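Chemist: here is my input; please provide its structure:
(one chain, ligands or ions: 1)
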Amino acid sequence: MPRPIIAPSVLASDFANLQREITMLNESEAHWIHVDIMDGMFVPNISMGLPVVEAIHRHAAKPLDVHLMIVQPERYVEAFRAAGAANISVHVEACPHLHRNLQQIKALGCRAGVAINPHTPVQGLADVIGDIDLVCVMSVNPGFGGQKFIEHTYRKVQMLKQLIVDAGASTLIEIDGGVNLQNARRLLDAGADVLVAGSFVFQAPDPKAVIRDLAAV
Ligand SMILES: O=C(CO)[C@@H](O)[C@H](O)COP(=O)(O)O
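Modeler: Okay, here's the model as predicted:
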(Lines give C-alpha, C1' and ligand atoms only; values in the text may rest on other atoms or scores of the structure.)
Protein backbone atom coordinates (compact mmCIF):
# COMPACT_ATOMS: atom_id res chain seq x y z
CA MET A 1 0.00 0.00 0.00
CA PRO A 2 1.62 3.35 -1.04
CA ARG A 3 2.23 5.78 1.79
CA PRO A 4 0.15 8.99 1.86
CA ILE A 5 1.57 12.39 1.08
CA ILE A 6 1.23 14.54 4.21
CA ALA A 7 0.68 18.27 3.74
CA PRO A 8 0.34 20.20 7.03
CA SER A 9 -1.68 23.39 6.61
CA VAL A 10 0.16 26.43 7.97
CA LEU A 11 -3.16 28.22 8.46
CA ALA A 12 -3.20 26.63 11.92
CA SER A 13 0.41 27.52 12.70
CA ASP A 14 1.68 30.33 14.91
CA PHE A 15 2.05 33.20 12.41
CA ALA A 16 4.10 35.18 14.91
CA ASN A 17 6.68 32.38 14.79
CA LEU A 18 6.33 31.31 11.19
CA GLN A 19 10.03 30.65 10.63
CA ARG A 20 10.10 28.30 13.64
CA GLU A 21 6.99 26.51 12.33
CA ILE A 22 8.52 26.06 8.86
CA THR A 23 11.74 24.74 10.40
CA MET A 24 9.65 22.21 12.35
CA LEU A 25 7.97 21.11 9.08
CA ASN A 26 11.37 20.87 7.36
CA GLU A 27 12.55 18.53 10.11
CA SER A 28 9.33 16.50 10.09
CA GLU A 29 8.13 13.72 7.80
CA ALA A 30 5.78 16.11 5.99
CA HIS A 31 6.06 15.94 2.22
CA TRP A 32 4.41 19.21 1.19
CA ILE A 33 3.53 22.43 2.99
CA HIS A 34 -0.10 23.43 2.41
CA VAL A 35 -0.73 27.18 2.15
CA ASP A 36 -4.28 28.55 2.23
CA ILE A 37 -4.97 31.82 0.42
CA MET A 38 -8.32 33.45 1.27
CA ASP A 39 -9.61 36.70 -0.20
CA GLY A 40 -12.69 37.54 1.87
CA MET A 41 -14.77 37.18 -1.31
CA PHE A 42 -14.76 33.54 -2.36
CA VAL A 43 -14.66 32.62 1.32
CA PRO A 44 -15.68 34.78 4.30
CA ASN A 45 -12.16 35.06 5.67
CA ILE A 46 -8.81 36.62 4.76
CA SER A 47 -5.64 34.67 5.47
CA MET A 48 -2.32 35.64 3.88
CA GLY A 49 -0.98 36.96 0.61
CA LEU A 50 2.03 36.90 -1.66
CA PRO A 51 4.69 38.35 0.70
CA VAL A 52 3.93 35.68 3.29
CA VAL A 53 4.09 32.90 0.69
CA GLU A 54 7.45 34.28 -0.47
CA ALA A 55 8.70 34.29 3.13
CA ILE A 56 7.54 30.70 3.67
CA HIS A 57 9.23 29.67 0.44
CA ARG A 58 12.54 31.22 1.54
CA HIS A 59 12.65 28.91 4.55
CA ALA A 60 10.80 25.84 3.27
CA ALA A 61 12.71 22.75 2.20
CA LYS A 62 9.51 21.15 0.88
CA PRO A 63 7.18 21.96 -2.03
CA LEU A 64 4.49 24.55 -1.37
CA ASP A 65 0.98 23.29 -2.07
CA VAL A 66 -0.96 26.52 -2.59
CA HIS A 67 -4.77 26.43 -2.30
CA LEU A 68 -6.34 29.54 -3.79
CA MET A 69 -9.71 30.27 -2.20
CA ILE A 70 -10.10 33.42 -4.27
CA VAL A 71 -12.32 34.75 -7.04
CA GLN A 72 -10.80 35.06 -10.52
CA PRO A 73 -7.70 33.06 -9.54
CA GLU A 74 -6.25 33.40 -13.06
CA ARG A 75 -5.24 36.97 -12.12
CA TYR A 76 -2.82 35.71 -9.45
CA VAL A 77 -1.60 32.30 -10.62
CA GLU A 78 1.59 33.68 -12.14
CA ALA A 79 2.38 35.72 -9.03
CA PHE A 80 1.93 32.72 -6.74
CA ARG A 81 4.21 30.70 -9.00
CA ALA A 82 6.81 33.45 -8.71
CA ALA A 83 6.34 33.45 -4.93
CA GLY A 84 7.32 29.78 -4.81
CA ALA A 85 4.23 27.62 -5.33
CA ALA A 86 4.93 24.11 -6.64
CA ASN A 87 1.25 23.11 -6.75
CA ILE A 88 -1.56 25.56 -7.40
CA SER A 89 -5.18 24.61 -6.81
CA VAL A 90 -8.05 26.78 -7.96
CA HIS A 91 -11.68 26.26 -7.00
CA VAL A 92 -13.94 24.81 -9.67
CA GLU A 93 -16.71 27.05 -8.30
CA ALA A 94 -14.54 30.13 -9.06
CA CYS A 95 -13.55 29.08 -12.59
CA PRO A 96 -16.01 29.35 -15.49
CA HIS A 97 -13.04 28.53 -17.77
CA LEU A 98 -11.48 25.75 -15.76
CA HIS A 99 -9.75 24.05 -18.69
CA ARG A 100 -8.00 27.29 -19.60
CA ASN A 101 -7.00 27.87 -15.95
CA LEU A 102 -5.46 24.39 -15.74
CA GLN A 103 -3.41 25.01 -18.89
CA GLN A 104 -2.26 28.33 -17.44
CA ILE A 105 -1.02 26.64 -14.25
CA LYS A 106 0.72 23.82 -16.14
CA ALA A 107 2.42 26.25 -18.50
CA LEU A 108 4.09 27.76 -15.44
CA GLY A 109 5.52 24.37 -14.52
CA CYS A 110 3.26 23.79 -11.51
CA ARG A 111 1.09 20.83 -10.61
CA ALA A 112 -2.43 21.90 -11.58
CA GLY A 113 -5.00 21.35 -8.85
CA VAL A 114 -8.75 21.78 -8.62
CA ALA A 115 -10.46 22.21 -5.26
CA ILE A 116 -14.12 21.28 -4.87
CA ASN A 117 -16.49 22.41 -2.17
CA PRO A 118 -18.52 19.90 -0.15
CA HIS A 119 -21.70 20.56 -2.19
CA THR A 120 -20.02 20.25 -5.61
CA PRO A 121 -20.47 16.88 -7.34
CA VAL A 122 -17.28 15.22 -8.59
CA GLN A 123 -18.99 14.34 -11.88
CA GLY A 124 -18.51 17.95 -13.02
CA LEU A 125 -14.78 17.21 -13.34
CA ALA A 126 -15.24 14.26 -15.71
CA ASP A 127 -14.40 16.10 -18.93
CA VAL A 128 -11.17 17.60 -17.58
CA ILE A 129 -9.97 14.89 -15.21
CA GLY A 130 -7.06 13.99 -17.52
CA ASP A 131 -5.85 17.58 -17.25
CA ILE A 132 -5.92 17.71 -13.45
CA ASP A 133 -2.85 16.68 -11.45
CA LEU A 134 -4.54 17.03 -8.08
CA VAL A 135 -8.15 17.27 -6.86
CA CYS A 136 -8.44 18.90 -3.45
CA VAL A 137 -11.66 17.53 -1.95
CA MET A 138 -12.89 19.94 0.69
CA SER A 139 -14.10 17.93 3.67
CA VAL A 140 -15.22 21.14 5.43
CA ASN A 141 -16.65 24.35 3.99
CA PRO A 142 -13.59 26.37 3.01
CA GLY A 143 -12.61 29.49 4.89
CA PHE A 144 -11.64 28.33 8.36
CA GLY A 145 -9.46 25.79 10.07
CA GLY A 146 -10.62 23.64 12.95
CA GLN A 147 -13.99 22.59 11.55
CA LYS A 148 -15.69 19.21 11.82
CA PHE A 149 -15.01 16.70 9.06
CA ILE A 150 -18.03 16.11 6.76
CA GLU A 151 -18.81 12.39 6.66
CA HIS A 152 -20.12 12.42 3.07
CA THR A 153 -16.48 12.90 2.00
CA TYR A 154 -15.75 9.15 2.07
CA ARG A 155 -18.43 8.47 -0.54
CA LYS A 156 -17.25 11.42 -2.60
CA VAL A 157 -13.66 10.20 -2.61
CA GLN A 158 -14.80 6.74 -3.76
CA MET A 159 -16.76 8.28 -6.65
CA LEU A 160 -13.84 10.51 -7.61
CA LYS A 161 -11.41 7.59 -7.50
CA GLN A 162 -13.69 5.63 -9.83
CA LEU A 163 -13.89 8.57 -12.21
CA ILE A 164 -10.07 8.82 -12.27
CA VAL A 165 -9.62 5.08 -12.83
CA ASP A 166 -12.26 5.02 -15.59
CA ALA A 167 -10.48 7.88 -17.37
CA GLY A 168 -7.08 6.18 -17.03
CA ALA A 169 -5.81 9.35 -15.34
CA SER A 170 -3.14 9.64 -12.65
CA THR A 171 -4.78 12.50 -10.71
CA LEU A 172 -3.97 12.62 -7.01
CA ILE A 173 -6.81 12.98 -4.50
CA GLU A 174 -6.15 15.36 -1.61
CA ILE A 175 -8.41 15.71 1.42
CA ASP A 176 -8.60 19.06 3.15
CA GLY A 177 -10.43 19.83 6.38
CA GLY A 178 -10.88 18.06 9.70
CA VAL A 179 -8.34 15.36 8.88
CA ASN A 180 -7.05 13.42 11.89
CA LEU A 181 -5.95 9.94 12.94
CA GLN A 182 -9.59 8.87 13.32
CA ASN A 183 -10.51 9.38 9.66
CA ALA A 184 -7.15 9.10 7.85
CA ARG A 185 -7.16 5.32 7.26
CA ARG A 186 -10.73 5.32 5.93
CA LEU A 187 -9.91 8.20 3.59
CA LEU A 188 -6.88 6.37 2.20
CA ASP A 189 -8.94 3.20 1.74
CA ALA A 190 -11.52 5.26 -0.19
CA GLY A 191 -8.80 6.43 -2.58
CA ALA A 192 -7.11 9.47 -1.05
CA ASP A 193 -3.42 10.09 -1.76
CA VAL A 194 -2.74 13.35 0.08
CA LEU A 195 -3.83 14.36 3.59
CA VAL A 196 -3.91 18.03 4.56
CA ALA A 197 -4.04 18.60 8.31
CA GLY A 198 -4.02 21.94 10.09
CA SER A 199 -5.23 22.07 13.67
CA PHE A 200 -4.63 18.37 14.24
CA VAL A 201 -0.92 18.96 13.61
CA PHE A 202 -0.31 22.43 15.00
CA GLN A 203 -2.45 22.14 18.14
CA ALA A 204 -0.76 18.91 19.13
CA PRO A 205 1.86 19.00 21.89
CA ASP A 206 4.27 17.24 19.50
CA PRO A 207 3.43 18.20 15.88
CA LYS A 208 6.29 16.16 14.41
CA ALA A 209 4.98 13.02 16.11
CA VAL A 210 1.49 13.67 14.73
CA ILE A 211 2.90 14.11 11.22
CA ARG A 212 4.84 10.88 11.62
CA ASP A 213 1.70 9.05 12.80
CA LEU A 214 -0.33 10.37 9.84
CA ALA A 215 2.40 9.32 7.42
CA ALA A 216 2.38 5.82 8.90
CA VAL A 217 -1.41 5.30 8.89
O1 LIG B 1 -8.56 25.10 3.36
C2 LIG B 1 -8.73 24.94 4.52
C3 LIG B 1 -9.82 25.67 5.24
O4 LIG B 1 -10.48 26.45 4.32
C5 LIG B 1 -7.90 23.96 5.25
O6 LIG B 1 -6.62 23.78 4.63
C7 LIG B 1 -7.73 24.10 6.69
O8 LIG B 1 -6.62 24.90 6.99
C9 LIG B 1 -7.54 22.75 7.30
O10 LIG B 1 -7.49 22.93 8.65
P11 LIG B 1 -8.02 21.85 9.68
O12 LIG B 1 -9.45 21.55 9.32
O13 LIG B 1 -7.14 20.64 9.47
O14 LIG B 1 -7.84 22.53 10.98
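Chemist: can you give me the neighbour number for the residue in the chain that the ligand sits nearest to?
Modeler: Residue of the chain nearest the ligand, by C-beta to the nearest ligand atom: residue 198 (2.7 Å). In this view, the C-beta of every residue, glycine as well, is placed from N, C-alpha and C. Neighbours of residue 198 under the rule other C-beta atoms under 10 Å: 25.
Chemist: before we move on, what about residue 79?
Modeler: Residue 79: 13 surrounding residues under other C-beta under 10 Å.
Chemist: let me know whether it touches residue 50 as I believe.
Modeler: Yes - counting by C-beta atoms under 8 Å, residue 50 is a contact partner of residue 79 at 5.7 Å.
Chemist: residue 131 touches residue 100, doesn't it?
Modeler: No - applying C-beta under 8 Å as the test, residue 131 and residue 100 come out as separate, 10.3 Å apart.
Chemist: my read: residue 153 touches residue 141, true?
Modeler: No - at 11.9 Å, residue 153 and residue 141 do not qualify as touching, with contact defined as C-beta under 8 Å.
Chemist: what residues does this protein put near the ligand?
Modeler: Counting by C-beta under 6 Å from any ligand atom, the positions of the chain adjacent to the ligand are 9, 11-12, 34, 36, 67, 140, 142-147, 176-179, 196-200.
Chemist: narrow those to those that are buried.
Modeler: 9, 11-12, 34, 36, 67, 140, 142-145, 176-179, 196-200 (16 or more other C-beta atoms under 10 Å).
Chemist: now, the residues you listed that are in helices?
Modeler: Counting by DSSP state H, these place 199, 200 in helices.
Chemist: still on that earlier bit, anything in contact with each of residue 153 and residue 141?
Modeler: The contact sets of residue 153 and residue 141 overlap at residue 118 (C-beta atoms under 8 Å, 6 or more residues apart in numbering).
Chemist: so between these two, which is more surrounded?
Modeler: Taking other C-beta under 10 Å, residue 153 and residue 141 do not tie; residue 153 has more neighbours (24 against 14).
Chemist: name the nearest residue to that one, sequence neighbours excluded.
Modeler: Once flanking residues are discounted, residue 153 sits nearest to residue 139: 4.1 Å by C-beta to C-beta, 6 or more residues apart in numbering.
Chemist: can you give me the neighbour number for the one you found?
Modeler: A count of neighbours around residue 139, defined by other C-beta under 10 Å, yields 25.
Chemist: any idea how far it lies from residue 72?
Modeler: 25 Å (C-beta to C-beta, to the nearest Å).
Chemist: what segments of this structure are strands?
Modeler: Assigned strands in the chain, in chain order: 5-8, 33-38, 64-69, 85-91, 111-116, 134-138, 172-176, 194-197 (criterion: DSSP state E).
Chemist: quick one, the fifth one and strand 172-176 angle?
Modeler: Put plainly, it is strand 111-116. 50 degrees (axes from the mean of the first three to the mean of the last three C-alpha atoms, to 10 degrees).
Chemist: what's the answer for the fourth one, then?
Modeler: Between the axes of strand 85-91 and strand 172-176, defined by the same axes, to 10 degrees, the angle is 70 degrees.
Chemist: from here on, count from 31
Modeler: Will do, 31 is the new start, and the previous item becomes strand 115-121.
Chemist: pull up the pairing partners for strand 115-121, direction included.
Modeler: Here strand 115-121 is paired, per DSSP bridges, with strand 94-99 (parallel), strand 141-146 (parallel).
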